[in-house]
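Colleague: let's see this in three dimensions:
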Amino acid sequence: MLQTLDRLSPDAILGLMASFRADPFSQKVDLGVGVYRDERGATPVLEAVRRAEQLVLESETTKSYVAAPGREEYNQAVEELVLGNAHPARRAGRVRTVQAPGGCGALRVGAELIRAAAPTATVHVSDPTWANHIPLLGSSGLKLERYPYYAASAHQLRFEAMLERLEGARAGDVVLVHASCHNPCGADLSSDQWRALTELLSRRRLVPFLDLAYQGFGVDLESDAAGVRWVSEHVPEALIAVSSSKNMGLYRERLGALIVVAEDSARAEAAYSHVLQIARSIYSMPPDHGAAIAARIFADPALRLTWLEELALMQQRLAGMRTLLASELRAATAGPTFDFIAAQRGMFSMLGVSPEAVRMLRERHHIYMMLDSRINVAGITPANVGYVARAIAAESGR
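Modeller: Next up is the predicted model:
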C-alpha cells in the first residue's frame, strides 16, 4: 500500500525551522516561526503556569478521561474571557463552548460542524491568511474562496474591496475573520470597520467564523475581543475558535476551545450535540493537562493576577519591538517606508519586499522569514534589531 505514496514537500514553516537550525552562523535570526519569544530568544514558561501546574500535580488523583466537552471550568472561564460576563448571547442561553486540542482543533471541529449543517456553504477566507487555515478547513471538504484584505506592497487594508467581495457571497456562506493580531499581516479592523462588517454579515445572512488566537497580544484582553463581542451580539449565529497557546504560553499542551453562538437555546443545544459527536469521531476525548492548568489560573485570584501581569509584559514587548524596529528601519532607509510596522498589532507583519529579497536576507544575512515576507516581531530583540534593520534596508530594493 505505502509503495503508492510519493514523498511530499515539507511544510513551509517546518522547512524554514529546519534550515534555521542547520545554519551555524552565530548571528542568525529567526523571524519565521510563529511563537512568542522573550528578549533572550526563549519561549518562556509563565510563572503563573509554573505555579498552577505544581498545584495541579499535587492535587491530581487520576489520569482517567475527562468528559467529551473537556474541562467545564476551563470552558466557562474562556467563554467569559472572550464574550464577557454580561454578553446578551450568554444571558439568553444561546452559547455553548467545547474544549478542543488547540486553536487548530477548534477550527477543524468548526469546519466539520459547518459541513454537517450546510455542506454546500462556501467559507470565505482573507487574502492573505494564516497558511494552515486552508488545509484545516479545506480538508473537511468545504469549498473555500478568498476575499481581499491586505495589500502587502502598499501596507494597507483593502476594506472596501473586502466588503464589495462579500456582498456577492450567498446567504448561508461562512466568513472567516481574524479577530485580532492578524496573521500574517498584523493589520486589524477598526471599531467602525467591525460595525460595517457586522451590518453586512447580518443583512446578507452570512455566518462569521472568528479566529481569536492572540487575545491580549494586540492591546489587552478586552480590546482584542471587542470585535468578537460586537459581532456575536448582532448576528444570530457565529463560531469562535479560541487558542490558549499564545496568551498562556501553553503551546505544547494543545489547548483551545470552540464557542458556538446560535439563534436560541434550543438550536445551541442541537449544535452542541453535533460538536460532541464530531469531536468523538476525530480525537474522542480532549487532553486535560493544559486545561487543568488554565482553569486553576482563572479560578485563583493571585494566579490570575500574575498571569495578567505577565500577559501585559508580553504585549508591551511586542509593541516596543515594533516601535524600535520601525525606528531603526527609518534610520537605515532614510525614509518612512516601514513605519507601518509600529502601527500594527501582535506578532506578525509583512515587510512587502520581494521573494528575491527574502532569499537574499536568508543567504547573505542569515535572517529567516516566510517567502511572502511575513516576520514574527517576537524574533526581534534590542541586541539584533539594528542588524536586522540594516539587512532589510540593504535588500529591500530587490
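
Colleague: show me the helices in the stretch 1-150 of the chain, by range?
Modeller: With DSSP state H, counting those that start in this stretch, the ranges of helices along the stretch 1-150 of the chain come out as 12-22, 47-59, 72-83, 88-91, 102-117, 133-138.

Colleague: return the distance of stretch 193-205 from the chain's centre.
Modeller: Stretch 193-205 has its average C-alpha position 22 Å from the chain's average C-alpha position, going by Cα atoms, centre = their mean, to the nearest Å.

Colleague: go through it and flag the buried ones.
Modeller: Neighbour counts over stretch 193-205 (16 or more other Cβ atoms under 10 Å) mark 193, 194, 196, 197, 198, 200, 201, 204 as buried. Just so you know, the C-beta spots here come from the backbone N, C-alpha and C atoms, and that holds for glycine as well.

Colleague: just curious, which of those residues is nearest to residue 231?
Modeller: Residue 231 has its nearest neighbour among the buried residues of stretch 193-205 in residue 198, at 5.1 Å by Cβ to Cβ.

Colleague: now do the strands in the stretch 251-398 of the chain.
Modeller: 255-261, 348-350, 367-368, 374-376 (DSSP state E, counting those that start in this stretch).

Colleague: what packs against the longest one?
Modeller: In terms of contact count using 3 or more Cβ pairs under 8 Å, 6 or more residues apart in numbering; DSSP states H and E, strand 255-261 is assigned the packing partners helix 72-83, strand 95-101, helix 102-117, strand 238-243, helix 265-282, helix 289-299.

Colleague: do the same with the second one
Modeller: Strand 348-350 is packed against strand 374-376, with contacts defined by 3+ Cβ pairs under 8 Å, 6+ apart.

Colleague: let's see 10 Å
Modeller: Judged by 3 or more Cβ pairs under 10 Å, 6 or more residues apart in numbering; DSSP states H and E, strand 348-350 is in contact with helix 301-333, helix 340-343, strand 374-376.

Colleague: each with direction, which strands does that strand pair with?
Modeller: Paired neighbours of strand 348-350 in the sheet (DSSP bridges): strand 374-376 (antiparallel).

Colleague: how far away from the center of its chain is the partner strand?
Modeller: 14 Å.

Colleague: sorry, back to before: deepest in the core, which of the helices and strands packed on strand 348-350 is it.
Modeller: strand 374-376 (a mean of 26; mean count of other Cβ atoms under 10 Å).

Colleague: if we can go back for a sec, so which of the helices and strands packed on strand 348-350 is nearest residue 15?
Modeller: Of the helices and strands packed on strand 348-350, nearest to residue 15 by Cβ to Cβ is strand 374-376, at 14.5 Å.

Colleague: what sits against the nearest residue to residue 345 once chain neighbours are set aside?
Modeller: Closest residue to residue 345 apart from its sequence neighbours, by Cβ to Cβ, 6 or more residues apart in numbering: residue 218 at 3.8 Å. By Cβ atoms under 10 Å, 6 or more residues apart in numbering, residue 218 lies in contact with 179-182, 186, 188, 224-225, 315, 318-319, 344-347.

Colleague: and which of those residues is nearest to residue 61?
Modeller: residue 225 (34.7 Å).

Colleague: I'd assumed residue 215 was in contact with that closest one.
Modeller: Yes. Assessed by Cβ atoms under 10 Å, residue 225 is found in contact with residue 215 at 5.8 Å.

Colleague: who touches both of the two?
Modeller: Counting by Cβ under 10 Å, 6+ apart, the residues touching both residue 225 and residue 215 are 81, 82, 179, 180, 242.

Colleague: related to what we said a few turns ago, format the helices and strands packed on strand 255-261 as TSV; extra columns: distance to residue 333, mean neighbour count and mean pLDDT.
Modeller: Formatted as TSV, the helices and strands packed on strand 255-261 follow (distance: least, Cβ to Cβ, whole Å; neighbours: other Cβ atoms under 10 Å; pLDDT from 0 to 100):
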stretch	distance to residue 333	mean neighbour count	mean pLDDT
helix 72-83	40	20	98
strand 95-101	43	25	98
helix 102-117	35	23	98
strand 238-243	35	26	98
helix 265-282	48	16	97
helix 289-299	43	23	98
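
Colleague: as CSV, those with distance to residue 16 would be great.
Modeller: As requested, the helices and strands packed on strand 255-261 are exported to CSV (distance: least, Cβ to Cβ, whole Å):
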stretch, distance to residue 16
helix 72-83, 31
strand 95-101, 24
helix 102-117, 18
strand 238-243, 21
helix 265-282, 28
helix 289-299, 26
